[in-house]
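Undergrad: How does the following fold in three dimensions:
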Amino acid sequence: MINRLLIRIKTVQLVYACVQSQERLYADEKLRESLEATQKLYNYLLALIVKVTDYRRKQILAAKGKFLPTEEDLNPNTRFVDNKLARMISEKSEAVDFCEREGLTSDFDTELYRSILEAIGQTESFEQYMTQRETPTFNEDKELWLEILTTIIPQCDKLDEVLEERDIYWNDDLTTVLNTLTRIIKRLKADDEMIPAGKLFQNAEDETFALELFHHTLEDFYDNVKLIDAITPNWEAERIAMMDKVIMSCALTEIRHFTDIPVAVSMNEYLELEKHYSSAKSASFANGVIDKIVKQWRADGVIFKK
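TA: Numbers count the residues shown, from 1 in each chain. This is a model prediction of the structure:
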C-alpha cells in the first residue's frame, strides 16, 4: 500500500521538519511512525465503507421494530446496504479486522456514520442510484462509493475531528490516501478474490528505497542547497522557500543515488509535489534549477544515467 509516491511525500515532509527543527535524533523512528500512520488510515477508510453500510442496516432494522412502523419502514429500499463493493470489502479484505486489532474504530463513531449518511442522502447521484429501475451492477455500486470518497468524505467536518483524535498524521495524509484508495477501487472487478491489504510496504525494495532516500536526503541536504544557491541569482536564492529547497534536494538526492530510476521519473514526481506544496510557477522554476544541476553532474561524471 505504501508506494513510491507516498514514500517521496513522507520524505519531503520529514526532511522539512528535521531542517526546521535542526533535530535528527529519532528521525528513522519518525519516518516509520509516519508511514505506519498512512497504512492505518488506508485500512480505516476501507473499513469505513463497511461501517457506514452496517450502520445504515441497523437503522433499517430499528425502523422495522418501531411500535407503529410505516409502510416505508416495513418495506425499505435496501440498495445501499446491498452494495456489492461494501460486501466485497467486508468479505474479502482484512481492513475491518485490522482496524479492530489496532483500536482504530469505536462503538462511539455512530455520530460520524450518521453525518456521512446524511450527506450521502442529500446528493442527486444517490437519489438516482436508489430509484433506478434496474438492480445496480457492481460497477454502479463502485461508482457510488467512488463519488462518496471523492466529494463527501473530504468535506466531512465530523471526520476531520475523528481523524485528528485518532492520529496526528491522518488529516495531512487524507487527500493522498484517498487518491490511492480510489485508484485501487477503480481497478477492482466483481470476481476479484481479494482486495489489496493496506500492508506497510509492497515489497522489500520499497522499504529499502524509503530508508535510503530519507538518509541520503538528510545527509546531502546542505550540499544540495549550496548547488541550488550557486546557480540562482542572489535575489532569487534568498526568495526560495524552504519547502521548495527541500523538494529540490529530495529530487537531486534521488537522481544521484538511485541509478535504476530514470532522471525524468524523479523530476516529474517531485515537480508534481512542487505544484501541490507551492505552485505551478515554483514547479517551473524548480525544473530549471534541477535540469541545470543534472547537466553539470553529467558533464562532471557524477551521474551517467539517462
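
Undergrad: switch to C-alpha atoms for all contacts and neighbour counts from now on
TA: Fine.

Undergrad: need the helix or strand of this structure with the lowest average pLDDT.
TA: In the chain, no helix or strand scores lower on mean pLDDT, DSSP states H and E than helix 234-239, which sits at a mean of 74.

Undergrad: so how far is that one from its chain's centroid?
TA: Remark: helix 234-239 is offset 33 Å from the chain centroid, using Cα atoms, centre = their mean, to the nearest Å.

Undergrad: Would you state the helices of the stretch 151-300 of the chain in chain order?
TA: Here the stretch 151-300 of the chain has its helices, by DSSP state H, counting those that start in this stretch, at 157-166, 170-187, 204-230, 234-239, 242-257, 263-277, 280-300.

Undergrad: Can I get the least confident helix or strand of the chain in PDB? Just the C-alpha atoms.
TA: Taking C-alpha atoms only, helix 234-239 is exported to PDB below (Å, rounded to 0.1, in the frame of the first residue of the first chain):
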ATOM      1  CA  ASN A 234      21.300  36.100  -5.100                       C
ATOM      2  CA  TRP A 235      17.900  37.700  -5.000                       C
ATOM      3  CA  GLU A 236      16.300  34.500  -6.200                       C
ATOM      4  CA  ALA A 237      18.200  32.300  -3.800                       C
ATOM      5  CA  GLU A 238      17.000  34.400  -0.900                       C
ATOM      6  CA  ARG A 239      13.400  34.200  -2.000                       C
END
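
Undergrad: Let me know whether Phe221 touches Ser249 as I believe.
TA: Yes: the pair Phe221 and Ser249 qualifies as a contact (Cα atoms under 8 Å) at a distance of 5.9 Å.

Undergrad: what about these two, which has more around it?
TA: Ser249 (27 against 20; other Cα atoms under 10 Å).

Undergrad: Go ahead and confirm the more buried one touches His216.
TA: No: counting by Cα under 8 Å, Ser249 sits too far from His216 to count as a contact (10.0 Å).

Undergrad: Could you tell me which residues touch both of Phe221 and Ser249?
TA: Residues touching both Phe221 and Ser249 by Cα atoms under 8 Å, 6 or more residues apart in numbering: none at all.

Undergrad: confidence score at Tyr26?
TA: Tyr26 is assigned a pLDDT of 63 by the prediction.

Undergrad: From one end of stretch 18-30 to the other, what's the distance?
TA: 10 Å (Cα to Cα, to the nearest Å).

Undergrad: now Phe98: how far from Asp109?
TA: 17 Å.

Undergrad: Can I get stretch 39-59 as PDB, trimmed to CA atoms?
TA: These are the backbone C-alpha positions of stretch 39-59, laid out as PDB (Å, rounded to 0.1, in the frame of the first residue of the first chain):
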ATOM      1  CA  GLN A  39      -1.100   2.300   6.400                       C
ATOM      2  CA  LYS A  40      -3.600   2.600   9.300                       C
ATOM      3  CA  LEU A  41      -5.500   5.400   7.600                       C
ATOM      4  CA  TYR A  42      -5.800   3.400   4.300                       C
ATOM      5  CA  ASN A  43      -7.300   0.500   6.300                       C
ATOM      6  CA  TYR A  44      -9.500   2.800   8.300                       C
ATOM      7  CA  LEU A  45     -11.000   4.400   5.200                       C
ATOM      8  CA  LEU A  46     -11.600   1.000   3.600                       C
ATOM      9  CA  ALA A  47     -13.300  -0.200   6.800                       C
ATOM     10  CA  LEU A  48     -15.300   3.000   6.900                       C
ATOM     11  CA  ILE A  49     -17.200   1.900   3.800                       C
ATOM     12  CA  VAL A  50     -18.300  -1.300   5.700                       C
ATOM     13  CA  LYS A  51     -19.000   0.500   8.900                       C
ATOM     14  CA  VAL A  52     -21.300   3.200   7.300                       C
ATOM     15  CA  THR A  53     -23.100   0.400   5.400                       C
ATOM     16  CA  ASP A  54     -23.600  -1.600   8.600                       C
ATOM     17  CA  TYR A  55     -24.900   1.400  10.500                       C
ATOM     18  CA  ARG A  56     -27.500   2.100   7.800                       C
ATOM     19  CA  ARG A  57     -28.500  -1.600   8.000                       C
ATOM     20  CA  LYS A  58     -29.000  -1.200  11.800                       C
ATOM     21  CA  GLN A  59     -31.200   1.900  11.100                       C
END
